[in-house]
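> Give me the fold of what follows.
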Amino acid sequence: MRQALRRKGSAPRQQTSSLRSFPAPIGGWNGRDSLASMKATDAIRLLNWFPRAAFVEVRGGYTSHATGMTGNGKALMAYNALSGVNKLFCATASGIYDVSSAGAVGAAALARTNGKHQHTMFGDGTNNWLIACTGVDKPAYFDGTTWTAVDGGTSPALTGVTTTTLVQALMFKGRLIFAQAASLSIWYLTAGAAGGALTEFDLSGEFHRGGYIMALGTWTRDAGDGQDDVFVAVSSEGEVVSYAGTDPSDATKWAKVGTFYVGRPLGRKCLTKAGGDLLILTEGGIYPLSAALQNNEINRKYALSFKIDDPFVTAARTYGANFGWSATLYPAREALIINVPVAEDGVHQQFVMNSVTKAWCEFDSWDAEDFTVFSGELYFTSGTAVYKAWDGPADGTSDVIAYGRPAFTYFEQPSQQKRVTLFRPVLAVNGGISFLSGIVDFEEREITGLATYSVNAEALWDTAIWDDAVWSSDSQIIRRWQSPSVNIGYAVSGKLKVANQRLTIQWIANDYVYETGGIL
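Okay, here's the model as predicted:
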């Protein structure tokens, strides 16, 4: 352990201070455990700091991508072509807009009356189709060139059901299966066909709690002989019915696996693929279906969201009825982004998990109605525009404000009072910054000062009480001693707040110099 002395002298003097160093909160946000029992690498709050394996970093900002749509964006849909150019579309209550290119959008490619689309890709051997449904408008088909509102008289055509009632399409083992709004029936086509006569498969006898079908998905399970895809339908009341097989019209090729209760889902976009598994957003947490369906009862410890159990469940209870819940995997940043709609067409926040380390944080100021990944990049829609997310260091023209509050530590001396004399966050920054920091002893107070970024901040780097910088051609390590405003207590947490518009900022460690007092 490194030791600090009060001052140098010619004669040996008694040690009066100790120096302790802790990693930055790479364990992420802990919204479950008590303040006294968290690990040193956890955080009581981690806002706009994204945890990585060796450090936490200020999240990227966003830049304007496409503007000028009529109506607020509700759904982003990526079309991936067999050959040629991929496309990105945004749906509003006015129409579907091509937002593939940056700048002002043109006229709507297809008129709509509802923007809340669920979509899928489907290949029939000739075309790759992007298929989007609302349960209000006719299903929208895009073949790479043209959008078509599909009914019984179009090409392709859908017959056998009122097409405006179809609310979601799913590709399962080469077959299109549709969910019907306000119904417990699914409708399926011949395998390999994008259109034709739809056949009903009534599931009303399988859902013991009633309600209606909320979402459809596929779950890959390993039965011992290799991986096998299972069809799942989720009801509005939280039941999941699953089937294995290839043809719903043939009882020898279509068998029920079971009915399970997982908790009421959060919106129609409650399902997302994660590797071979399927994640489901419920009022009680985010569960891999492999865990939720293989246990007799819902156990919160199996939830991916278990470490942020209290804030997640509180958000689900408060905002669960709002449109906009979704889960988006962003592989380029190893992030799972849970969109939390505090208010439709208004404030949104995100609960974000590092998909490798499973550490959580929260984002604000991204008021996104929907996210998608297009050509490897993350986009969201808000208002009448589409934005490229995690792009550049600024939120448009505004600062990214990042606040972190690590777990408390007793310095392994819970019974002794301490006086913290100096606090030093260790940051890796490709420029100079100013920041706010503080020390608290089991207090809930956050840093109330206004953190702002200035392009002239480089001149401030050596104004701290003590500094030691290591420079290279493209980055610098800034270490600053700060005199804490509240510095006497038994447990200590050094909190940190920064504002940024231009730099890359990584939080590496926290150093404390303290003196011990009397025993409790």
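> contacts and neighbour counts: CA atoms only from here.
Noted.
> Tell me which residue is most central in this protein.
The chain has Ile337 as the residue nearest its centroid, 1.1 Å off, counting by Cα atoms, centre = their mean.
> quick one: it and Val352 touch, right?
Yes. With contact defined as Cα atoms under 8 Å, Ile337 counts as touching Val352 (4.6 Å).
> Does the longest helix belonging to the chain pack against any helices or strands, and if so which?
If you go by DSSP state H, the chain has its longest helix at helix 309-319. With contacts defined as 3 or more Cα pairs under 8 Å, 6 or more residues apart in numbering; DSSP states H and E, the packing partners of helix 309-319 are strand 285-288, strand 335-341.
> Format the ones you listed as TSV; extra columns: distance to Ala191 and mean pLDDT.
Converted to TSV, the helices and strands packed on helix 309-319 look like this (distance: least, Cα to Cα, whole Å; pLDDT from 0 to 100):
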stretch	distance to Ala191	mean pLDDT
strand 285-288	28	94
strand 335-341	33	98
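> Export those strands as a markdown table, with columns for distance to Gly489.
Below are the helices and strands packed on helix 309-319 laid out as a markdown table (distance: least, Cα to Cα, whole Å):
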| stretch | distance to Gly489 |
| --- | --- |
| strand 285-288 | 36 |
| strand 335-341 | 37 |
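> Of those strands, which is nearest Phe89?
Of all the helices and strands packed on helix 309-319, it is strand 335-341 that lies closest to Phe89, at 19.2 Å by Cα to Cα.
> so what does the next helix-or-strand element following that closest one touch, helix or strand wise?
Moving toward the C-terminus from strand 335-341, the next helix or strand (DSSP states H and E) is strand 348-354. The contact analysis (3+ Cα pairs under 8 Å, 6+ apart) places strand 348-354 against strand 49-51, strand 335-341, strand 360-363.
> please redo it, this time with the cut-off set to 10 Å
strand 28-29, strand 49-51, strand 326-330, strand 335-341, strand 360-363 (3 or more Cα pairs under 10 Å, 6 or more residues apart in numbering; DSSP states H and E).
> how about those in TSV, adding distance to Arg59?
As requested, the helices and strands packed on strand 348-354 are exported to TSV (distance: least, Cα to Cα, whole Å):
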stretch	distance to Arg59
strand 28-29	14
strand 49-51	6
strand 326-330	13
strand 335-341	11
strand 360-363	8
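> where along the stretch 201-350 of the chain do the strands fall?
Taking DSSP state E, counting those that start in this stretch as the criterion, the stretch 201-350 of the chain carries its strands at 213-222, 227-235, 239-245, 254-261, 271-274, 277-282, 285-288, 326-330, 335-341, 348-354.
> So which of the ones you listed is nearest Asn487?
strand 348-354 (31.9 Å).
> Neighbouring strands - and their directions - for the closest one?
strand 335-341 (antiparallel), strand 360-363 (antiparallel) (DSSP bridges).
> and those, which is most packed in?
Mean neighbour count, computed with mean count of other Cα atoms under 10 Å, is highest for strand 360-363 among these, reaching a mean of 26.
> Only alpha carbons, please: show the helix or strand following that one as CSV.
Once the chain leaves strand 360-363, the next helix or strand it forms, by DSSP H and E, is strand 370-374. In CSV, the C-alpha atoms belonging to strand 370-374 read as follows (Å, rounded to 0.1, in the frame of the first residue of the first chain):
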residue,chain,number,x,y,z
ASP,A,370,-37.3,3.9,-31.2
PHE,A,371,-33.8,2.7,-31.8
THR,A,372,-32.3,0.5,-34.6
VAL,A,373,-28.9,-0.6,-35.9
PHE,A,374,-28.4,0.3,-39.5
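> Quick one: mean pLDDT for the next helix or strand after strand 370-374?
Note on strand 370-374: by DSSP H and E, the next helix or strand toward the C-terminus is strand 377-382. The pLDDT scores in strand 377-382 average 98.
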